[in-house]
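Asks: turn this into a structure:
(one chain, ligands or ions: 2)
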Amino acid sequence: MIFNRKKKDETSPPEAGKSAPRKNKNLASRIASLFKKDGESEAFYEDLEDLLIESDMGGTVTMEISDELRNRVRKNRIASQEGIIGELRNLMAESVREEHFAPDGEKLNLFLILGVNGVGKTTSIAKMARHYKKQGFGEIVLAAADTFRAGAIDQLKIQGERVGCRVVAQQPGSDPGAVIFDTIASAKSRGEKLILADTAGRMHNKKNLVLELEKIDKVIRNNLGDGVYKKILVIDATTGQNGLQQAEVFHEAIGVDGIVMTKYDSTARGGLLVSICRKLGIPFLFLGRGEGLDDLIPFDREVYLSELISLDGE
Ligand SMILES: Nc1nc2c(ncn2[C@@H]2O[C@H](COP(=O)(O)OP(=O)(O)OP(=O)(O)O)[C@@H](O)[C@H]2O)c(=O)[nH]1
Ligand SMILES: [Mg+2]
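Replies: Residues are numbered from 1 along each chain as shown. Ligands and ions are numbered 1, 2, ... in the order given. From the prediction side, this is the model:
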């Protein structure tokens, strides 16, 4: 346990001059420079903590990782720069979780897509439909259960046309649970095997959002029978520690089975993912790396870690 250390601030942006996004996410070369400057010393760990916070890892997780790294380095008498960076990578690898939900071809699968407004839910649905179709999963239907925002239904219909999927929709303002109910009933009668359901990210307040989600959740659990039900949260990689707070709210409200992180192409910071995995233990499914239909890439823990902290990066 380390004493007399300043508590890192979770929410405030890094100091001026440090906040500009770097050209890439790789921390290793920057850690190497710190090591060259300070050696393995208190100053090194302090600077390392600033670096991890800058990468969106959040104050608490940064301190945990830094403390653990210090313990391991001292316990195992690690002295080289490569050794320390390797140990940091090990620590992150232990936190990061990767998972892939292959739909079950024998059953009706329903993936409920959650997330606050603007994170990329609707476009990710189209990309997921494309991905599963490419994998040979034919009959996919989209449920327009974002009935709250004007325009959301038409957006999903446009995406449905782009990827060749039927869209079940009602009028704007209708009950999202009823849309899901209709979609499950019609998918069963047509033999479709995968429903991707859009939801509203914006509600009048958080309480309404949670109540709405609980209602939708109940309709699915009551009607899907022995089908496969997954709740997938979409997080925008550029939102920093807000992304962690969003994950906490949705996870507490109905439980999240997996995360899609969008706009990973638009940030030079990659640490949010580590903090979500470490704090909530939710696995990552896909990374969004652009606006094209093929820009949703199945999450690969090793590739992610290599980008974040490989020795040959930058
Ligand atoms: N660069 C980039 N842009 C993305 C990515 N994913 C989504 N977007 C863009 O983010 C914007 C919002 O995407 P939507 O899918 O409409 O987001 P939403 O969560 O459905 O938004 P609401 O329906 O308003 O709640 C669109 O312009 C998308 O093209 C990504 O991985 N990279
Ligand atoms: Mg939408």
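Asks: please list the residues of the stretch 101-250 of the chain that sit near ligand 2.
Replies: Neighbours of ligand 2 within the stretch 101-250 of the chain, by Cβ under 5 Å from the ion: 121-122. In this view, the C-beta of every residue, glycine as well, is placed from N, C-alpha and C.
Asks: for the stretch 101-250 of the chain, what lies in contact range of ligand 1?
Replies: 115, 117-123, 146, 149, 152, 201 (Cβ under 6 Å from any ligand atom).
Asks: element containing whatever residue of the chain ends up closest to ligand 2, please.
Replies: Of all residues in the chain, Thr122 sits closest to ligand 2, at 3.3 Å by Cβ to the ion. Element membership for Thr122, per DSSP states H and E: helix 121-134.
Asks: quick one: mean pLDDT for the helix or strand following that helix?
Replies: Once the chain leaves helix 121-134, the next helix or strand it forms, by DSSP H and E, is strand 140-145. Mean per-residue pLDDT for strand 140-145: 98.
Asks: export strand 140-145 to PDB, keeping only CA atoms.
Replies: The C-alpha trace of strand 140-145 is given here as PDB (Å, rounded to 0.1, in the frame of the first residue of the first chain):
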ATOM      1  CA  ILE A 140     -32.700 -11.400 -39.400                       C
ATOM      2  CA  VAL A 141     -35.500  -9.000 -38.500                       C
ATOM      3  CA  LEU A 142     -35.100  -5.600 -37.000                       C
ATOM      4  CA  ALA A 143     -37.500  -4.300 -34.300                       C
ATOM      5  CA  ALA A 144     -38.100  -0.500 -34.200                       C
ATOM      6  CA  ALA A 145     -38.600  -0.200 -30.500                       C
END
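Asks: what's the following helix or strand after it?
Replies: helix 152-163.
Asks: now do the buried residues in that next one.
Replies: 152-153, 155-156, 159-160, 163 (16 or more other Cβ atoms under 10 Å).
Asks: ok, back up a step: got the angle for the helix holding Thr122 vs strand 140-145?
Replies: 170 degrees (axes from the mean of the first three to the mean of the last three Cα atoms, to 10 degrees).
Asks: tell me what angle helix 121-134 forms with helix 152-163.
Replies: Computed by the same axes, to 10 degrees, the angle between helix 121-134 and helix 152-163 is 30 degrees.
Asks: any idea how far helix 121-134 is from the chain center?
Replies: Averaging C-alpha positions (Cα atoms, centre = their mean, to the nearest Å) puts helix 121-134 15 Å from its chain's average.
Asks: mind giving me the packing neighbours of that helix?
Replies: Judged by 3 or more Cβ pairs under 8 Å, 6 or more residues apart in numbering; DSSP states H and E, helix 121-134 is in contact with strand 109-114, strand 140-145, helix 152-163, strand 194-199, strand 258-262, strand 284-288, strand 296-298.
Asks: hmm, 6 Å instead?
Replies: helix 152-163, strand 194-199 (3 or more Cβ pairs under 6 Å, 6 or more residues apart in numbering; DSSP states H and E).
Asks: the longest one - what's its average pLDDT?
Replies: Rounded to a whole number, the mean pLDDT of helix 152-163 is 97.
Asks: by mean pLDDT, point me to the weakest helix or strand of this structure.
Replies: helix 28-38 (a mean of 86; mean pLDDT, DSSP states H and E).
Asks: which residues touch the residue in the stretch 201-314 of the chain that ligand 1 sits nearest to?
Replies: Going by Cβ to the nearest ligand atom, ligand 1 is nearest to Gly288 of the stretch 201-314 of the chain, at 2.4 Å. Residues in contact with Gly288 (Cβ atoms under 6 Å, 6 or more residues apart in numbering) are 120, 262-264, 296.
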